[in-house]
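*Asks:* how does the following fold in three dimensions:
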Amino acid sequence: MKSSPTALVVALGAAIVLAACSGTASPNPSGPTTPSGTPVKLTVGLGYIPNVQFAQFYLAQQAGYYRDAGLDVTFQNKIDPELITLVGQGAVDIAIADGTSLIPAVSQGIPVKYVATVYAKFPNVVFAKASSGIKTAADLKGRKIGTPGKYGSGWMMLQALLGSAGLTPNDAAIVLYPDYGQLVGVEQDQVDAATGFSNNEPVQLARTGVTPVVLRVDSVVPLQGNGLIAGTKTIQTKRDAIERFIAATLRAMNEVAVDPQKGLDAAIAAVPELGTDRAGQLAVLTATIDSWQNDLTAQQGLGAIDRAGWVKSIAFIAGLPGGLVPNPVTVDQLIDTSLLPPR
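*Replies:* Numbers count the residues shown, from 1 in each chain. Prediction:
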C-alpha cells in the first residue's frame with residue numbers, strides 16, 4: 001500500500017490482538033499561551049497520502065480535542081525526509097516520522113527530537129506465504145527476498161533479521177521492487193518472501209485467502225518505529241502547545257484502540273474515498289492499532305518512549321555499513337520524554 005506512511009518512510013530512506021489500554025490520556029486543561037487568548041496555531045506533518053493509519057489525528061481534530069486544548073491544528077502531508085527537515089527548520093511544528101530515519105538526521109545536525117511513540121512495535125517485517133515453508137529467519141537462506149531497495153528501515157530490518165540467524169543479504173537472492181510491487185511478487189511466487197509492514201502486505205495477503213507468515217525483528221534488535229518529532233527550538237517556544245497536542249492525540253489513540261470503528265469513521269470523514277472498502281480499511285487500522293502497543297505501553301500508556309530500546313537502536317544503526325551515522329549520537333540528543341502526559 002503506497003499510501004502507508006510507514007511504507008513511504010522506508011521507500012524514501014527514511015500494524016490482530018487489541019491490548020487493554022492503560023487509561024485515557026486527557027489533554028492539559030490549561031488554555032492557549034498566546035497573550036490574546038487565541039488558539040495556538042500548529043502545523044502538523046503527516047505522511048505523504050492521507051489514509052486510515054492517521055485515524056487518531058483525524059478523530060482528535062473532528063472531536064474537538066485539539067480545539068479544546070487551545071490549538072488550531074493544520075495538517076500537511078509530505079514525505080518523511082522532507083518532514084524531518086521542515087521540523088528541524090521550524091516550518092512544521094510537529095510531525096510523525098520514522099525513528100530509524102531520525103538517528104542519521106540528528107547525527108547530521110538536524111535539530112529535532114522524538115517526543116512520543118506512535119508505533120511501539122517496529123512495523124517493518126518480512127512476510128511470506130505459509131506454504132513457502134519459511135518459519136524462521138534461518139529459513140531465508142538461499143531464498144529470493146523482495147524489497148523496494150537497499151536503503152531505509154526495511155533494509156535495516158532485513159539485515160538485523162538475517163543477522164540473527166548468522167546470515168547476511170549475500171546469503172539470499174535480493175530482488176528489487178522499486179515500484180513497491182513486492183506483495184505481487186510474493187502472490188505470484190516471483191519471490192519466496194519480501195519486506196513489508198505488519199499493517200499492510202500481510203493483511204492484504206490474508207484477505208486473498210492466503211495464510212501469511214510474518215517474521216519480526218523485535219526480539220533481535222528493538223528498532224524504533226514512527227513517532228512524533230518536534231524541533232528543538234519549537235519545543236522551547238511552543239512547549240505548552242506541543243504538550244497539549246500530544247495529550248489530545250494520545251486521548252484519541254486510546255479511544256481508537258478501544259473502538260476501531262470510531263477511528264475508521266473519523267478516517268472516512270477525512271478521506272471519503274476510504275469508504276469504498278470499509279472492511280479492508282478496518283483490517284489495516286486494526287493491525288495498525290496492534291503496532292501501537294507493546295509491554296511498555298501496557299505499563300506506561302500509549303506514547304511511552306523506550307529509552308533502552310533507543311540506545312540499542314543507535315548502536316545497531318551506527319554499526320551498519322554506509323556511514324549512516326557520521327557523527328556520534330546519544331539518546332538524550334534524540335528523545336525528550338518530558339512532553340508526555342504524566343503517567
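*Asks:* and the closest residue to Leu42 other than its chain neighbours, what does it touch?
*Replies:* Nearest residue to Leu42, sequence neighbours excluded (Cβ to Cβ, 6 or more residues apart in numbering): Asp93, at 4.7 Å. (Each C-beta comes from the backbone N, C-alpha and C, glycine too.) If you count contacts by Cβ atoms under 8 Å, 6 or more residues apart in numbering, Asp93 has them with Leu42, Thr43, Val44, Val87, Ala230, Gly231, Thr234, Lys238, Ala241, Ile242.
*Asks:* buried subset of the residues you listed?
*Replies:* Neighbour-count burial (16 or more other Cβ atoms under 10 Å) applied to these gives Leu42, Thr43, Val44, Val87, Ala230, Gly231, Thr234, Lys238, Ala241, Ile242.
*Asks:* let's see which of those end up in strands.
*Replies:* Using DSSP state E to define strands, the subset of the buried ones among the contacts of Asp93 located there is Leu42, Thr43, Val44, Ala230, Gly231.
*Asks:* flag every buried residue along stretch 164-172.
*Replies:* For stretch 164-172, by 16+ other Cβ under 10 Å, it's Ser164, Ala165, Leu167, Pro169, Ala172.
*Asks:* hang on, the earlier thing: pull the most distant pair out of the buried ones among the contacts of Asp93.
*Replies:* Val87 and Ala241 (14.4 Å; Cβ to Cβ).
*Asks:* what's the separation between the residue nearest to Leu42 and Thr288?
*Replies:* From Asp93 over to Thr288 the distance is 24 Å, taken as Cβ to Cβ, to the nearest Å.
*Asks:* out of the helices and strands in the protein, which is least certain?
*Replies:* None of the helices or strands of the chain scores lower by mean pLDDT, DSSP states H and E than helix 5-11, at a mean of 34.
*Asks:* same list, the buried ones among the contacts of Asp93, but as JSON lines with distance to Asp68 please.
*Replies:* JSON lines is the format used below for the buried ones among the contacts of Asp93 (distance: Cβ to Cβ, whole Å):
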{"residue": "Leu42", "distance to Asp68": "14"}
{"residue": "Thr43", "distance to Asp68": "19"}
{"residue": "Val44", "distance to Asp68": "16"}
{"residue": "Val87", "distance to Asp68": "25"}
{"residue": "Ala230", "distance to Asp68": "21"}
{"residue": "Gly231", "distance to Asp68": "25"}
{"residue": "Thr234", "distance to Asp68": "22"}
{"residue": "Lys238", "distance to Asp68": "17"}
{"residue": "Ala241", "distance to Asp68": "13"}
{"residue": "Ile242", "distance to Asp68": "16"}
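*Asks:* tell me the one of those nearest Met253?
*Replies:* Of those, the one sitting nearest to Met253 (Cβ to Cβ) turns out to be Val44, at 14.4 Å.
*Asks:* correct me if wrong: that closest one contacts Leu86.
*Replies:* No. Applying Cβ atoms under 8 Å as the test, Val44 and Leu86 come out as separate, 11.2 Å apart.
*Asks:* identify the contacts common to these two.
*Replies:* Val92, Ala95.
*Asks:* and Lys238, what are its phi and psi?
*Replies:* phi -130, psi 40 (degrees, to the nearest 10).
*Asks:* wait, it touches Val40, no?
*Replies:* Yes. Contact criterion Cβ under 8 Å: Lys238 and Val40 qualify, at 6.6 Å.
*Asks:* show me where the stretch 1-150 of the chain has helices.
*Replies:* Ranges of helices in the stretch 1-150 of the chain, per DSSP state H, counting those that start in this stretch, are 5-11, 55-62, 65-68, 80-89, 99-107.
*Asks:* got it, and the stretch 151-300 of the chain?
*Replies:* 152-163, 182-187, 201-207, 232-237, 239-258, 260-270, 278-291, 295-300.
*Asks:* turn those into JSON lines, including mean pLDDT and distance to Gly64.
*Replies:* JSON lines is the format used below for the helices of the stretch 151-300 of the chain (pLDDT from 0 to 100; distance: least, Cβ to Cβ, whole Å):
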{"stretch": "helix 152-163", "mean pLDDT": "93", "distance to Gly64": "34"}
{"stretch": "helix 182-187", "mean pLDDT": "98", "distance to Gly64": "38"}
{"stretch": "helix 201-207", "mean pLDDT": "96", "distance to Gly64": "31"}
{"stretch": "helix 232-237", "mean pLDDT": "98", "distance to Gly64": "24"}
{"stretch": "helix 239-258", "mean pLDDT": "98", "distance to Gly64": "9"}
{"stretch": "helix 260-270", "mean pLDDT": "98", "distance to Gly64": "12"}
{"stretch": "helix 278-291", "mean pLDDT": "97", "distance to Gly64": "21"}
{"stretch": "helix 295-300", "mean pLDDT": "97", "distance to Gly64": "25"}
